[in-house]
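K.L.:
Got a predicted structure plus its sequence, pasted below:
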There are 2 protein chains.
Amino acid sequence: MKLTILGCYAATPRTITNPTAQVLEIKNHLFLIDCGEGTQVQLRKQKIKFSKINHIFISHLHGDHFFGLVGLISTFMLLNRESDLHVYGPKGIKEIILLQLRYGNSFTGYNLYFHELTTKDPSVLFEDEKVVVSSFPLKHRVYTNGFLFQEKNKERKLNIEQLEAYSIDKLYYQKVKYGGDITLEDGSVIPNEALSFDPEVARSYAFCSDTSYDESIIPYIKGATAIYHESTFLEKEMHLAERTFHSTAKQAATIAKLAEVKALILGHFSTRYEKIEWFEEEAKTVFEPVYLADDGTVFEISNEKITVLK
Amino acid sequence: MKLTILGCYAATPRTITNPTAQVLEIKNHLFLIDCGEGTQVQLRKQKIKFSKINHIFISHLHGDHFFGLVGLISTFMLLNRESDLHVYGPKGIKEIILLQLRYGNSFTGYNLYFHELTTKDPSVLFEDEKVVVSSFPLKHRVYTNGFLFQEKNKERKLNIEQLEAYSIDKLYYQKVKYGGDITLEDGSVIPNEALSFDPEVARSYAFCSDTSYDESIIPYIKGATAIYHESTFLEKEMHLAERTFHSTAKQAATIAKLAEVKALILGHFSTRYEKIEWFEEEAKTVFEPVYLADDGTVFEISNEKITVLK
């Protein structure tokens, strides 16, 4: 599971910082999460293949999270994209995009599907045999969703030595992977645990931006392998966090602690601060490990640890 | 008169090239012409003061000419802009911008005026005592306007020596500037030409992008100090130029020649070409002088010559 931060700063794009966008590579999918202005240029900088992005998740309709979407959709068009594109986001996203394409007399040559969200309940947005993506409500100035990306529990791992010792035919291996017991020709039953090992723990990643401090999200992100939680401000600007429905680094860490997640990634930094390391310091007083997102940072997320690839 | 090219490449923003946007500084105005994605970052790179931009002219509603507008308007908001902002562009621009602000529950603290264009006749968009901006129709796949920025003819220059020789009171200097003759106390009339010099020739700049080759624009840009004319393609891709309603470098030069302008600036290059110098070479076979726009290039435009400042 690989997370590439394309942009992680609040409010306006600047020469050296970009608004929110990130790419999660999980089980052969490339999921784009949020799409601030300039995201397509950031994708090029990170050498991410445009054609592999088939699903885009938009948390909310503030510009720093979606103003790059219409440009990306248009560029897909100019690149003669053929595969379907699915956009998940708040009600309104379809009207906004189609209005602009219509005035430009432009139509996508590929199928463009909008999955508009209005529910305040958690809901499954996408699912296949290996992964499930769901939304959960965040508390912000406009309707906003967080997203949870979960690997499905893998099949059990075969204990080849034991399977061969019992002379079990390979025909039955799939059954063992799925947890079934095996009845031998003499009628004796070999329990599954004797023939297989537990699967690896399924990994999960939760994206929580933008939101004020809100313990009600804890059930949705409980035990996640990693969460990205916004920390627009430090504690000393708590009054701004409260007024603008954002969080401080310490609040993000408190959510991580209460949700018993394995790792916390901080982002959505206000550009008022000189050093983003201050966010890390503050968060570490409550929870560890803490990682700092930054534009261009790539995280490899495993059950054991998070590795910063660049 | 200073022209800063923020972006001058066709189609999609890339790591090293930007879509159309330019700033014309003329008579204390900063006019922003077109506003592709990433324009606000380009403005920062060129250290152009956001607060001095009060008028934005959008040629047409293709993404590479306006996808950066909503972000710029939002950033003005976040920077607590107070002065009025005027946007001139095709009908639809208001609906597109306001729809996005509405979904974001955002309202500008400054007055935002849209001047929507539907006419296919040339029309005056803005005028004060020193400058006049007008639109003229271009021929493209969607409704598109070019823009002509003209200094007004300056007042005549006083011939102080002669004025003093005739002992003419300073009270009458303004009348002389405006071209009036002066009647002395003895009743004799001194003609204006004896008391003043001709004003400098007023400068003008015409922006012609995007358009197919179209001689009908010549009357509107006749004799301009400089024109920016798109040259998306070279002659050998004429078939693409025709199909997409764009021009070749040679066609741009032909327009410059027929319109008897003083200088031609080429831009809106397709990124298919390795070297933009090829456009210059082709254009020069028909017209000179030819200048190449490039992202970050700044031109000082005078009656005598164009100086490339950087």
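P.N.:
Here it is on my side, so go on.

K.L.:
interface residues of the stretch 101-250 of chain A facing chain B?
P.N.:
Neighbours of chain B within the stretch 101-250 of chain A, by Cβ under 8 Å from any Cβ of the partner chain: A:Tyr103, A:Gly104, A:Asn105, A:Ser106, A:Arg141, A:Val142. C-beta here means a position set from N, CA and C on the backbone, and glycine is covered the same way.

K.L.:
And A:Ser123, how close does it get to A:Tyr220?
P.N.:
Applying Cβ to Cβ, to the nearest Å, the value for A:Ser123 to A:Tyr220 is 11 Å.

K.L.:
what about A:Ser209, distance to A:His140?
P.N.:
In this view, A:Ser209 and A:His140 are 9 Å apart by Cβ to Cβ.

K.L.:
wait, I meant A:Leu258
P.N.:
The value you get for A:Leu258 to A:His140, if Cβ to Cβ is used, is 20 Å.

K.L.:
Report the mean confidence score over stretch A:94-108.
P.N.:
Mean pLDDT, computed over stretch A:94-108, is 95.

K.L.:
and it, how far from the chain's centre?
P.N.:
In terms of Cα atoms, centre = their mean, to the nearest Å, the centre of stretch A:94-108 is found 27 Å from the chain centre.

K.L.:
Also stretch A:10-17?
P.N.:
Using Cα atoms, centre = their mean, the offset of stretch A:10-17 from its chain centre is 22 Å.

K.L.:
rewinding a little: which neighbours do A:Ser123 and A:Tyr220 share?
P.N.:
A:Ser134 (Cβ atoms under 8 Å, 6 or more residues apart in numbering or on different chains).

K.L.:
thinking again about what came up before, just want to know which of A:Ser209 and A:His140 has more residues nearby.
P.N.:
Shown here are A:Ser209 and A:His140; by other Cβ atoms under 10 Å in any protein chain shown, A:Ser209 has more neighbours (29 against 20).

K.L.:
Please name the residues that touch the residue lying closest to A:Pro191 once chain neighbours are set aside.
P.N.:
Excluding its sequence neighbours, the residue lying closest to A:Pro191 (Cβ to Cβ, 6 or more residues apart in numbering or on different chains) is A:Asp181, at 5.2 Å. Neighbour list for A:Asp181: A:Val189, A:Ile190, A:Pro191, A:Asn192 [criterion: Cβ under 8 Å, 6+ apart].

K.L.:
Quick one: buried ones out of the residues you listed?
P.N.:
A:Ile190, A:Asn192 (16 or more other Cβ atoms under 10 Å in any protein chain shown).

K.L.:
could the contacts of A:Asp181 be laid out in TSV, adding pLDDT, distance to A:Ala253 and secondary structure?
P.N.:
Output for the contacts of A:Asp181, formatted as TSV (pLDDT from 0 to 100; distance: Cβ to Cβ, whole Å; DSSP: H, G, I helix; E, B strand; the rest coil):
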residue	pLDDT	distance to A:Ala253	secondary structure
A:Val189	95	50	strand
A:Ile190	95	48	strand
A:Pro191	96	43	coil
A:Asn192	95	41	helix
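
K.L.:
Any idea which residue of the stretch 201-310 of chain A lies closest to chain B?
P.N.:
When scored by Cβ to the nearest Cβ, the stretch 201-310 of chain A has A:Thr271 as its residue closest to chain B, at 10.5 Å.

K.L.:
Now for that residue, how many residues are close by?
P.N.:
14.

K.L.:
Who are the contact partners of it?
P.N.:
A:Tyr9, A:Ala10, A:Ala11, A:Thr12, A:Arg14, A:Thr17.

K.L.:
Need the max-distance pair from these.
P.N.:
A:Ala10 and A:Arg14 (10.9 Å; Cβ to Cβ).

K.L.:
These two: who's more crowded?
P.N.:
Neighbours were counted for A:Ala10 and for A:Arg14 using other Cβ under 10 Å; A:Ala10 has more, 24 against 15.

K.L.:
For that one, which residues are in contact?
P.N.:
So A:Ala10 contacts A:Pro19, A:Asp64, A:Thr232, A:His246, A:His268, A:Phe269, A:Ser270, A:Thr271 (Cβ under 8 Å, 6+ apart).

K.L.:
One more: A:Ile218?
P.N.:
A:Ile218 sits in contact with A:Ile255, A:Leu258, A:Ala259, where contact means Cβ under 8 Å, 6+ apart.

K.L.:
Now do the same contact list for A:Pro199.
P.N.:
A:Asn153, A:Lys154, A:Glu155, A:Arg156, A:Lys157.

K.L.:
hang on, isn't the last one packed against A:Ser196?
P.N.:
Yes. Look at A:Lys157 against A:Ser196 with Cβ atoms under 8 Å: they come within range, at 6.1 Å.

K.L.:
which residues do those two both contact?
P.N.:
In terms of Cβ under 8 Å, 6+ apart, A:Lys157 and A:Ser196 are both contacted by the residues A:Lys177.

K.L.:
what's the helix or strand for A:Tyr113?
P.N.:
For A:Tyr113, the host element (DSSP states H and E) is strand A:112-117.

K.L.:
So which residues of chain A form helices?
P.N.:
Secondary structure of chain A by DSSP state H: the helices cover A:39-45, A:63-66, A:69-78, A:93-103, A:160-165, A:173-177, A:218-221, A:238-244, A:249-258, A:277-284.

K.L.:
sorry, back to before: of the contacts of A:Ala10, which is the nearest to A:Leu32?
P.N.:
Looking across those and measuring by Cβ to Cβ, the closest to A:Leu32 is A:Pro19, at 13.5 Å.

K.L.:
In terms of residue numbering, what are the domains of chain A?
P.N.:
Per the record, chain A has its domains at A:2-154+A:200-300+A:303-307, A:157-196, by automatic domain parsing.

K.L.:
low-confidence ranges in chain A?
P.N.:
Under the criterion pLDDT under 70, no range of chain A is flagged.

K.L.:
Reformat the residues of the stretch 101-250 of chain A next to chain B as CSV; add neighbour count.
P.N.:
Formatted as CSV, these follow (neighbours: other Cβ atoms under 10 Å in any protein chain shown):
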residue, neighbour count
A:Tyr103, 21
A:Gly104, 23
A:Asn105, 12
A:Ser106, 17
A:Arg141, 16
A:Val142, 16
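
K.L.:
now the residue located most distally from the centre of chain A: how far from chain B?
P.N.:
Going by Cα atoms, centre = their mean, the residue of chain A most distant from its centre is A:Asp186, 50.1 Å out. Applying Cβ to the nearest Cβ, to the nearest Å, the value for A:Asp186 to chain B is 68 Å.

K.L.:
that older thread, A:Ser123 and A:Tyr220: which is more packed in?
P.N.:
Between A:Ser123 and A:Tyr220, A:Tyr220 has the larger neighbour count (other Cβ under 10 Å), namely 19 against 12.

K.L.:
Identify the residue spatially nearest to that one, adjacent ones excluded.
P.N.:
Closest to A:Tyr220 by Cβ to Cβ, 6+ apart is A:Phe136, at 3.9 Å.

K.L.:
from memory the one you found sits against A:Ala224, does it?
P.N.:
No. When contacts are counted by Cβ under 8 Å, A:Phe136 is not listed as touching A:Ala224 (11.4 Å).

K.L.:
list the residues that contact both of the two?
P.N.:
A:Leu148.

K.L.:
more neighbours, the two?
P.N.:
For A:Phe136 versus A:Ala224, the count of surrounding residues by other Cβ under 10 Å is larger for A:Ala224: 24 against 20.

K.L.:
Could you verify my assumption that the more buried one touches A:Leu264?
P.N.:
No. Counting by Cβ under 8 Å, A:Leu264 is not a contact partner of A:Ala224; they are 9.7 Å apart.
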